[in-house]
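Chemist: need a structure here:
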Amino acid sequence: MELDPLLLSRIQFAFVVSFHAIFPVFTIGLAAYIAVLEGLYYRTDNPVYEKLSKFWIKIFAIVFGMGVVSGIVMAFQFGTNWSVFSYSAANFLGPILSYEVVTAFFLEATFLGVLLFGRDKVPRGVHLFAACMVAVGTFISSFWILSANSWMHTPAGVEFVDGMVQMTSWTQAIFNPSMPYRFGHMALASFITGGFVVAGVSAWYLLKGRNPQTSRKALKMCVIMLAVATPAQLIMGDLHGLNTFEHQPMKVAAMEGAWETKSRAPLILFAIPDAANETNHFEIAIPGLASLILTHSLDGEVPGLLEVAAEDRPPVGIVFWSFRIMVGLGLVFILISLASAWQLWRGRLYDSPRLLKGLTWMIPLPFVAVLAGWFVTEVGRQPWIIQDVMRLSDAITPSNDGWMVLVSLIGYITVYAVVFTAGVIYLRRVIIAGPDPIERAPDDQTARPKRPWSAVPLQVEQAARAAGS
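Modeler: All right, here's what the predicted structure looks like:
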């Protein structure tokens, strides 16, 4: 049986990237939340902030480790499966990925150690600084990765000479046309993901009658943030869509399910795209709304997929439905965030079991939305690996054998299943255990002295008590 190495290589990279993407999008938002908690604890000396920070640092460390393990494999695949692309784009992608390691990964790894193990070993200001540096490191990392990815969608600052990328402007290449919108969109997605996870876990504790002080404080903080971030994501998403409409119109055509170029183009709410017959079945649409959204004019023209040859079109069904899943979930996020903020303002949030249950059900949905958005972005670029410059079929390693790619794909799936299962089991145990009670004193204040001589008064007191008895 003949196996297509191109298709299998695409499936393999899609699997690895999709698995990896759910971890950074959570840790970016969670790291920022931990930095805020540490700042509030430093300023107020409120033990609630300390207990929350300690608890979520444990979660962050586990998820960060899973993200590192799952992300390393992507770099391997550039060489094993996409060597022609790696060679062609090396003058840009090589330095960019190196900058990510030098400026971000080392920063995160160094200060994460201080964050995890230095609470009672360094001054509190240093511990706060470490939390801030970890948070900054996650954003720097996402900046470089998204710059590289955005350049593949909207290449700029380069020229192609004999199939090789030659730099003409590093500034234009790094800050390519889609990069600011993509970075803003992902940053807000990270805040929303982290916010809903923390809010959902806190709501679950309240429903169980556990950790009321820490859970109420965490839920309040997240609800306020989400009430701002979720509507802001709608605005950022619109700006990102307009930028995509300008630079990648066929991706937008696939998102909209638009086959023919039209003025007063309808916004299709539901349809079953049929790529073979170049039409939609069971279409439900609002006349003129797509033109109004994309061109800010009812008479605006929206290009259709028939503008290009069939081999130059992205897979319509995946992009069409992934876009609707992402937008639909985004609207749900806005509704539940505003409802929670309204109940918080009325003083009824903590006594609303239905809303608390709804928040717990929200925990996995931001990850689904992120993956759906990722599918829209990456599948919508097909068949190009560098938009309008290099096709996927020209980027694959020429010597790749389909069976070899299949075996490695099965290996990745097996290993990742083990890593993910082990990680989820351990995360579940940590979450079920919950934060330390406020009344519990740190272990090192009750049993382990910080300095040898600090144990002397305790020993004297214990001896006096023994003598008195």
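
Chemist: what's Ile284 sitting at in phi/psi?
Modeler: Backbone dihedrals for Ile284, given as degrees, to the nearest 10, come out at phi -120, psi 120.

Chemist: Pretty sure Phe270 is one of the things it touches, is it not?
Modeler: Yes: the pair Ile284 / Phe270 is scored as a contact, 4.4 Å apart, by Cβ atoms under 8 Å. C-beta: built from backbone N, CA, C; applies to glycine.

Chemist: Please give me every residue in contact with Pro155.
Modeler: 173, 176, 386-387, 389 (Cβ atoms under 8 Å, 6 or more residues apart in numbering).

Chemist: Give the buried residues for the helix or strand hosting Ala61.
Modeler: In this assignment (DSSP states H and E), Ala61 forms part of helix 47-80. Across helix 47-80, burial judged by 16 or more other Cβ atoms under 10 Å covers 47-60, 62-68, 70-71, 73, 77-78, 80.

Chemist: Quick one: list the elements packing against it.
Modeler: When contacts are defined as 3 or more Cβ pairs under 8 Å, 6 or more residues apart in numbering; DSSP states H and E, helix 47-80 packs onto helix 5-44, helix 83-88, helix 106-117, helix 212-247, helix 402-433.

Chemist: 10 Å instead, please
Modeler: Counting by 3 or more Cβ pairs under 10 Å, 6 or more residues apart in numbering; DSSP states H and E, the packing neighbours recorded for helix 47-80 are helix 5-44, helix 83-88, helix 90-100, helix 106-117, helix 124-153, helix 179-208, helix 212-247, helix 402-433.

Chemist: angle of the last one against helix 5-44?
Modeler: If I follow you right, that is helix 402-433. 20 degrees (axes from the mean of the first three to the mean of the last three Cα atoms, to 10 degrees).

Chemist: who does helix 402-433 touch, helix- and strand-wise?
Modeler: Applying 3+ Cβ pairs under 10 Å, 6+ apart, one finds that helix 402-433 makes contact with helix 5-44, helix 47-80, helix 179-208.

Chemist: Restricted to buried residues, select the contacts of Pro155 in PyMOL.
Modeler: Restricted to buried positions by 16+ other Cβ under 10 Å, the PyMOL selection for those reads:
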select buried, resi 173+176+386+387+389
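
Chemist: Among the contacts of Pro155, name the ones in strands.
Modeler: When DSSP state E is applied, those are split such that Ile386 fall in strands.

Chemist: Same list as before, the contacts of Pro155 that is, but in a markdown table and with distance to Leu242 and pLDDT included.
Modeler: Listed next are the contacts of Pro155 as a markdown table, based on distance: Cβ to Cβ, whole Å; pLDDT from 0 to 100:
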| residue | distance to Leu242 | pLDDT |
| --- | --- | --- |
| Ala173 | 22 | 94 |
| Asn176 | 16 | 95 |
| Ile386 | 22 | 92 |
| Gln387 | 17 | 89 |
| Val389 | 23 | 89 |
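
Chemist: Out of the contacts of Pro155, which comes closest to Val198?
Modeler: Of all these, Asn176 has the smallest distance to Val198: 33.2 Å, by Cβ to Cβ.

Chemist: ok, that closest one - contacts?
Modeler: Asn176 makes contact with 147-158, 182, 247 under the criterion Cβ atoms under 10 Å, 6 or more residues apart in numbering.

Chemist: got the residues you listed as JSON lines, with pLDDT columns?
Modeler: JSON lines is the format used below for the contacts of Asn176 (pLDDT from 0 to 100):
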{"residue": "Ser147", "pLDDT": "94"}
{"residue": "Ala148", "pLDDT": "92"}
{"residue": "Asn149", "pLDDT": "92"}
{"residue": "Ser150", "pLDDT": "94"}
{"residue": "Trp151", "pLDDT": "94"}
{"residue": "Met152", "pLDDT": "93"}
{"residue": "His153", "pLDDT": "94"}
{"residue": "Thr154", "pLDDT": "94"}
{"residue": "Pro155", "pLDDT": "93"}
{"residue": "Ala156", "pLDDT": "93"}
{"residue": "Gly157", "pLDDT": "92"}
{"residue": "Val158", "pLDDT": "91"}
{"residue": "Arg182", "pLDDT": "94"}
{"residue": "His247", "pLDDT": "92"}
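
Chemist: Quickly check these for the two that are furthest apart.
Modeler: Val158 and Arg182 (18.0 Å).

Chemist: show me where pLDDT drops low in the stretch 351-469 of the chain?
Modeler: Residue ranges of the stretch 351-469 of the chain with pLDDT under 70: 439-469.

Chemist: repeat that with 90
Modeler: Applying pLDDT under 90 to the stretch 351-469 of the chain flags residues 351-353, 382, 387-389, 393-409, 411-424, 426-428, 430-469.

Chemist: Kindly report the same for the stretch 1-150 of the chain.
Modeler: 1-9, 11-24, 45, 47, 61-83, 86, 94, 97-125.

Chemist: Please enumerate the helices of the stretch 301-450 of the chain.
Modeler: Ranges of helices in the stretch 301-450 of the chain, per DSSP state H, counting those that start in this stretch, are 316-346, 353-361, 365-379, 392-395, 402-433, 443-446.

Chemist: which stretch among the ones you listed comes nearest Phe129?
Modeler: Closest among the helices of the stretch 301-450 of the chain, using Cβ to Cβ: helix 443-446, at 21.2 Å.
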